[in-house]
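**Student:** How does the following fold in three dimensions:
(3 chains)
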Amino acid sequence: MDTTLSRRGLLRAGATAAVAAPLLAACSRTPAADTGGGDKTFTLYWNAGHGYDAYAKVVRKFEADHKITVNWQKFQWPDLQTKLTADIQAGTVPDLVEDDGSGWPVTYATSGDALALDDFIAADGEKVGFPHDWQDNALRNVQYRGKTYGVPLHLTCNLLFYNKKMFADAGLKAAPSTWDEFLSAARKLTHGQQHGVALNSDFGYSSPWILQNGVKYWDPSAKQVLTPADRAAEALGFQHDLIHRYKVSPVPVASSDYEGPEKLFVANRVAMMLSGPWDFAPIKQAAPKLDLGLALPLSHTARATSFAGSGVFIPAKAKHPDLAWDLITRLTALDVELAATAETGMTMPRKSWAANATVKADPLVGAVARALAYGQSWPNGIAATGKATEVSDAWKTAYESTILSNGSAAQAVTTFRSTAAKLVGG
Amino acid sequence: MRRDSLFPGARFVGYAVVVVCCALTVIPLLYMVSLSLQSDAEVFAGNPVLWPAHLRVDNFAVLFSRVPFGRFFVNSLVMAGLVTVAHLVLDPIAGYAFAKFSFPFRRTLFVVVLSTLMIPFFVRMIPVYVVFSQLGWLNTYQGLVVPFLCDAYGIFLMRQFLSALPDELIDAGRADGAGELRIFLRIVLPQAKPALAVLALFTFVFQWNNFLWPLLATTTTDMRTMPVGLTLFNQEYFTQWNLTAAGSVVLFVPTAVLFFFTQRYLVRGVALTGLK
Amino acid sequence: MVATLDRRAPAPVRTRRRSPMRRRQARTAFAFLAPALVFFALLFFYPLANEFVTSLFAGARADEFVGLGNYTRAFGDAQIRHAFAVTLQYGLGALVLSIVLGLVLAVILNQNLRGRAVFRGILLVPYLTSVAIVGLLWRNILDPQVGVLNRVLAAAGLPQQQWLTDHPLATLIGITVWQQTGYVTVLFLAGLQGIPHLYYEAAAVDGASVWRRFRHVTLPLLAPTTLFVSIIGVISSLQEFALPYLVTGGGPAGATDLFVFRVYQTSFAFRDFGYASALSYLLLIVILVLSVVQLKVGQRHAT
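**Tutor:** As a prediction, the model looks like this:
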């Protein structure tokens, strides 16, 4: 009963306070302030899930040091992309943008909408450690025609998550390390309502498998995708078989998100999934008692995983590019990285971060840091073609037709390669 | 001999069909209410529960404490309210002109107005965004409201409704020497109450639920509307379903209230629009 | 719709052309119409013209003139043809089902049924619910592993279903029908209540059965309503965007890749603005043609 009352009280207090304010604010607003690009406002676009306290602290300090107001806007990735696209069309862009790690800085650079950072780097790259303190492979996605357009902010990768209790119950001593061990473990762990593994509906999660079979998503010199093709088909086919032949994974549902396996994992419905540090916080929140084990990425012809994560870049028409660079150096400083890791378990791109003793000692973060050593750049510079999103959309179709709709992997790879050839030549 | 039903027991079967359809309609929505009252443990468990063991009203308090939903709520109310008022003025007056006046190009203009129904919002979104950005209208209430001031559907509805109005009523007004605007306001509009109620309901609800434009047209958190604010909850990699559902329930409340007050006009408002 | 309803046009003003009265009327009418016309000109037709110009250009900055190249490209684009076919199936399925269901419910509710206002109200609620809520809710309910529907099926001893994997498009049609039928029902109810009792009484005197009365009195007199519902339905379902955006992401493998969702991707993900504009224009033309065809067919049936 008193919860009802408090809720009503909240509503009433919120309503009275809020009724007058926006009306007055809207009336008094001047056009200069509307664009969000006035001299005293610095606009920052950010992912809704990355508003860490560690970053909030940096932003507050930045505001005080430069006597400027930061308009910090947080969105889901697709919404952020929609907004940025409209902004670029209108010519009123934010000062700094977080990107989803898929190569936006290069994509925008191809159309002249991203700012080259080389002058900044020449001036104080040495001091802040960019790029030499960043893991090398992570930088492939920010360079275009010899210039650098973005700075990696988070560096994550896919690795093997497993439920230690389920493993013990099934008499499994160690986490699998190869595809064969993985399949045999998954079979032992599948019974009744429980599956050994849950593959993801999101096509991005297939990349470690492809890399583990020695395949490149993009070969810049040959201008071809998925080479060699037969090994790509084999890797895609293995994932298909886990679901449709061995039935050790439920069929993923076509969806606009990638939470499916995580939901099953915390509900003790699957024993393994392939995911990354972004799932640490959700797992801890949903199933604090789950005994989570982490293992290195699997190996088949090679032990490999794909880098993921996010970065930041400055739009070409940003009003405060100097300040934006200053904010980049603050946000990517080692102590900020370590604070964000301590707060959320997110993993970071600096070599000095990976070498940090606290990072190494942490059972979860340390495991990711070790896995990062096997990381490769999945896009491998495909963004420079300016067609990265179209190619990726075609790959999505290929993945879904095999994994979700139980189609032929070889056929999907062939179709995808010919679609990609039309888009990027080669 | 007149028989009243198709086959014996048809009335009962009809009743059953309606009850089943209503149940199928309402149960998913009740499930949303159920979700909004579930604990974290219940939503995260692999086996969904139909109804929570304990009603966790706290979800709503959490909702209001995490993001400024009060502010979003007011923004939505102002936006949807202003648009509704604009429709209640502009749609009937245009519909009245089409229904009761004779003038050159009447038919052509009516077709032109109707053709706007076929233009997806999508098509005009970016050009309007660019212009509004130059005008400095982004992040203002006029920026949120102006793209939706009137629409062809409302004009069509009002034209159909007002066509059925007897001409004598208007002529009597003219004979009394009343001005045209006065006739419209004092004689025509009061007759159109059911149609106006329907118009108000649909206009408000569509604006209230509008997502894409408020997302683009607002640039600071304090100008966001409810649906845009709700997406804050769908955190990057996971969804707290109970809180999202609670937000949905809050989002729905004003619609429900408006619906409650206008629903008795609903069929009459549409019926008299001459769709017969 | 336009022509049919034009028979309800204002009583002809029996005065000479160009009479002062007539001129005054026209002046008043234009004054009344002015706000709406200015609005449509600035916020519909200006953007439309703008988009047409964009559709003649290519590139992420839309600065490379290609003439009608984007249009010819669309005709050779297999993905676009696929999206268009999917959209037609979706539109047709949702339209037919909601018309049939809406008509049945309206006929039942048109009787003196106990609590009919309540039923009518309940049926309309999904239509008033934000499609964002509807999409997220159904995604949750239909999840094959952790969704509540399969749990209910299991409890009832029925087999588990993979709705969004096995029948993705049909599932989206189902969600749309769930959301729209109430509105269609209300439109039909309104249509039914507009049919004068006289007709039924005359038919009853002639000894017509209930079915014959429905077939020969109700259905023909409901034709304008049906026409209206189908035109509005086609326009809205060909423009559907939110369901693939929120529920399926267009998948699996493009099975729910509705046209406007594809245009959205082309514009905001691929930043191929010229092509996206051309695609929007092609959709506009299709909607226009379909509406005119429906009108012609509807008129022939009405006479």
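
**Student:** So what's the gap between stretch A:271-281 and the chain middle?
**Tutor:** With C-alpha atoms, centre = their mean, to the nearest Å as the basis, stretch A:271-281 stands 13 Å off its chain's centre.

**Student:** show me what contacts the residue of the stretch 251-400 of chain A found nearest chain B?
**Tutor:** Nearest to chain B, among the residues of the stretch 251-400 of chain A, is residue A:267, at 2.7 Å (C-beta to the nearest C-beta). Using the backbone N, CA and C atoms, a C-beta is placed for each residue, glycine as well. Residue A:267 is in contact with A:287, B:44, B:45, B:46, B:47, C:146, counting by C-beta atoms under 8 Å, 6 or more residues apart in numbering or on different chains.

**Student:** For the last one, grab the count of nearby residues.
**Tutor:** Right, the one you point to is residue C:146. Taking other C-beta atoms under 10 Å in any protein chain shown as the criterion, the count of residues near residue C:146 is 21.

**Student:** That one reaches residue B:46, doesn't it?
**Tutor:** Yes. Using C-beta atoms under 8 Å, residue C:146 is in contact with residue B:46, at 5.6 Å.

**Student:** and residue C:230, how many neighbours?
**Tutor:** Other residues close to residue C:230 by other C-beta under 10 Å number 21.

**Student:** How about the most centrally placed residue in chain A, nearest residue that isn't a chain neighbour?
**Tutor:** In chain A, the residue lying closest to the centroid (C-alpha atoms, centre = their mean) is residue A:309, at 3.7 Å. Among residues not flanking residue A:309 along the chain, residue A:154 sits closest, at 4.0 Å (C-beta to C-beta, 6 or more residues apart in numbering or on different chains).

**Student:** now do residue C:104
**Tutor:** Closest to residue C:104 by C-beta to C-beta, 6+ apart is residue B:17, at 6.9 Å.

**Student:** Identify the residues contacting the one you found.
**Tutor:** By C-beta under 8 Å, 6+ apart, the contact list for residue B:17 reads C:104, C:105, C:108.

**Student:** which SSE is the second one in?
**Tutor:** Spelled out, it's residue C:105. In this structure, residue C:105 sits in helix C:78-109 according to DSSP states H and E.

**Student:** ditto for residue B:79
**Tutor:** Assigned by DSSP H and E, residue B:79 belongs to helix B:69-100.

**Student:** list the buried ones in that helix?
**Tutor:** Judged by neighbour count using 16 or more other C-beta atoms under 10 Å in any protein chain shown, the buried positions of helix B:69-100 are B:69-84, B:86-88, B:90-100.

**Student:** Report the secondary structure state of residue 153.
**Tutor:** In the absence of a named chain, chain A is used. Put simply, residue A:153 is strand when judged by DSSP: H, G, I helix; E, B strand; the rest coil.

**Student:** Give me the distance between the one helix or strand residue C:169 maps to and the centre of its chain.
**Tutor:** Per DSSP H and E: residue C:169 is located in helix C:168-193. The chain centroid and the centroid of helix C:168-193 are separated by 10 Å, computed with C-alpha atoms, centre = their mean.

**Student:** Now do it, average pLDDT.
**Tutor:** For helix C:168-193, mean pLDDT rounds to 92.

**Student:** Same check on stretch A:154-171?
**Tutor:** Taken as a whole, stretch A:154-171 has a mean pLDDT of 95.

**Student:** ditto for stretch B:44-55
**Tutor:** Stretch B:44-55 shows a mean pLDDT of 84.

**Student:** what's residue C:271 in contact with, if anything?
**Tutor:** Neighbouring residues of residue C:271 by C-beta under 8 Å, 6+ apart: A:85, A:107, A:111, A:389, C:60.

**Student:** Check the residue nearest to residue C:104 and give its pLDDT.
**Tutor:** 92.

**Student:** Just want the most central residue of chain C.
**Tutor:** residue C:233 (2.2 Å).

**Student:** what secondary structure does it sit in?
**Tutor:** From three-state DSSP, the assignment for residue C:233 is helix.

**Student:** okay, and the common contacts of residue C:146 and residue B:46?
**Tutor:** Common contact partners of residue C:146 and residue B:46 (C-beta under 8 Å, 6+ apart): A:263, A:264, A:267, A:269.

**Student:** which of those lies closest to residue C:172?
**Tutor:** Nearest to residue C:172, judged by C-beta to C-beta, of these is residue A:263 at 21.7 Å.
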